[in-house]
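**Q** next come a sequence and a model predicted from it.
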Amino acid sequence: MTGKVPEFGRFAEPSLLILVSLSDGPKHGYAIMQDVESGTGRPMGAGTLYAALVRLEELGLVEALPPEERRRPYRLTAVGASNLAEQLRGLSSFAQQGLRQLGEHQP
Amino acid sequence: MRSLLIRCYPARWRVRYGEEFLAMLEERPLGPFDAADILLGALDAQLRLRGVGSQPSPRRGFTMSLRLGGLAAIVGAPLWTAAFVIINDGLESADVRAPALMLVAGSLGLLVALAGLSAFQARVAPALSWAAFALPALGTVAVAIGTVGVVFGTADFWGAFFLGLVAFFVGSSLFAIATYRTGVLSRRAALLLAIAPIPLIAGGSGGGFRDVLILGGLFCFTLAWMALGVLAVRQDRAAVAPRPA
């Protein structure tokens, strides 16, 4: 898995947001939703969250922890952390290139 | 409303994620955006999980054997009995090839029922369940072979047919006893199945009330198998359903 960013289709962005949310520690579904909403200013629906979470779990990027009452926390795996770092580096490089190009062509 | 939305997800998904998903939904009020998003998520899960399970495979295997066994019992038992009665009434006068094929199909159905339900019971008592499976399974195979042999071949197969019939009825009682003892399927249906062969064998050995005994025994036998089947299917559904909100 390391070295290759998996294809998530329309769940690519929610998956990235979930990985970022879990990067500072395990969280259950509702805490991820709140974290994403406070970080992006946009709510993430429960259906979207779990569709992405299921994919991330199947790929071994996140793992479920034992349930706490009815809530189940999830945490980033080592593979998930490596994958997230790779995606963020790619985005950072893309953003820098875009800013450079914008700077060169600005009047 | 929330439990209704969760029911749109596949049963296997609900087994794994249903409880935590419901707990999350209860954290805040649901708006139209949330409901639409959940419905889209359910559609995605339905498409994605078709044929791909999110629950461990041993459990999936057990519920599959329960469902298959139950459905086979529901279909196989009345088919078998109807064919048996038709053949019994019209063996001398009519063409019994069609009911003979029905009897073979019913026997195969009951064989699948025996295998499926025994596999489910074997989780609790493997030795008892498979020992109780062996005799009725051999009986159904012998009945099927005997039927085909008699109707399409020679009368030499009568021995196999009758021996198979006795093994099947006695074996059904053994299966019923195992079912009662393991207690994972309906015990009432098991009791009915255990006693059904008594009037059948009594009627088959001649004497007064022969027809009444045979018909009564066949009725109990069919009812017991169908009840076992229906309750097994319902048990399977209950096993994969989420807890109510």
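**A** All right, it came through fine.

**Q** tell me the SS of residue A:75?
**A** Applying DSSP: H, G, I helix; E, B strand; the rest coil to residue A:75 yields a three-state assignment of strand.

**Q** ok, the spatially closest residue to it that is not a sequence neighbour - contacts?
**A** Excluding the flanking residues, the one nearest residue A:75 by Cβ to Cβ, 6 or more residues apart in numbering or on different chains is residue A:26, at 3.8 Å. Every C-beta, even on glycine, is put in place using the N, C-alpha and C of the backbone. Residue A:26 is in contact with A:65, A:73-75, counting by Cβ atoms under 8 Å, 6 or more residues apart in numbering or on different chains.

**Q** just among those, which is most surrounded?
**A** Comparing the contacts of residue A:26 on neighbour count, residue A:74 comes out first with 24 neighbours (neighbours: other Cβ atoms under 10 Å in any protein chain shown).

**Q** that one reaches residue A:66, doesn't it?
**A** No: at 11.4 Å, residue A:74 does not count as touching residue A:66 under the criterion of Cβ atoms under 8 Å.

**Q** can you lay out the contacts of residue A:26 as JSON lines showing pLDDT?
**A** Output for the contacts of residue A:26, formatted as JSON lines (pLDDT from 0 to 100):
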{"residue": "A:65", "pLDDT": "90"}
{"residue": "A:73", "pLDDT": "92"}
{"residue": "A:74", "pLDDT": "94"}
{"residue": "A:75", "pLDDT": "92"}
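
**Q** nearest to residue B:32 among these?
**A** The nearest member of these to residue B:32, counting by Cβ to Cβ, is residue A:74 at 27.3 Å.

**Q** for that closest one, name its beta-bridge partners.
**A** residue A:27, residue A:64 (DSSP bridges).

**Q** domains for chain B, by residue range?
**A** Residue ranges for the domains of chain B, per automatic domain parsing: B:2-54, B:57-237.

**Q** so where is the chain shaky, pLDDT-wise?
**A** This is for chain A. For chain A, residues meeting the criterion pLDDT under 70 lie at A:1-7, A:105-107.

**Q** not quite, I wanted chain B
**A** Counting by pLDDT under 70, the ranges of chain B that qualify are B:49-63, B:90-94, B:123-124, B:155, B:206-208, B:236-245.

**Q** spell out which residues of it are next to chain A.
**A** Within reach of chain A by Cβ under 8 Å from any Cβ of the partner chain, chain B has these residues: B:13, B:17, B:19-25, B:27-28, B:33-34, B:36-42, B:44-45, B:48, B:54.

**Q** tell me where chain A has strands.
**A** Shown for chain A, the strands assigned by DSSP state E span residues A:62-64, A:74-76.

**Q** CSV for these, including distance to residue B:138?
**A** Supplementary listing: the strands of chain A in CSV, determined by distance: least, Cβ to Cβ, whole Å:
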stretch, distance to residue B:138
strand A:62-64, 46
strand A:74-76, 51
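
**Q** what does chain A have sitting close to chain B?
**A** A:28-30, A:33, A:43, A:45-48, A:50-51, A:54, A:67, A:69-72.

**Q** re earlier: return the most buried member of the domains of chain B.
**A** Comparing the domains of chain B by mean neighbour count (mean count of other Cβ atoms under 10 Å in any protein chain shown), domain B:57-237 comes out on top with a mean of 19.

**Q** from the residues of chain B next to chain A, which land in helices?
**A** B:13, B:19-25, B:33-34, B:36-42, B:44-45, B:48 (DSSP state H).

**Q** so residue B:204 sits against residue B:211, correct?
**A** No: the pair residue B:204 / residue B:211 is not scored as a contact, 11.0 Å apart, by Cβ under 8 Å.

**Q** mind checking the longest helix of chain B?
**A** Once chain B is assigned using DSSP H, the helix that runs over the most residues is helix B:57-90.

**Q** for that helix, packing partners?
**A** Applying 3 or more Cβ pairs under 8 Å, 6 or more residues apart in numbering or on different chains; DSSP states H and E, we find helix B:57-90 packed against helix B:97-121, helix B:210-240.

**Q** a markdown table please, covering the domains of chain B and showing distance to residue A:16.
**A** Converted to a markdown table, those look like this (distance: least, Cβ to Cβ, whole Å):
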| stretch | distance to residue A:16 |
| --- | --- |
| domain B:2-54 | 18 |
| domain B:57-237 | 31 |
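
**Q** closest to residue A:13 out of those domains?
**A** Of all the domains of chain B, domain B:2-54 comes closest under Cβ to Cβ, at 14.1 Å.
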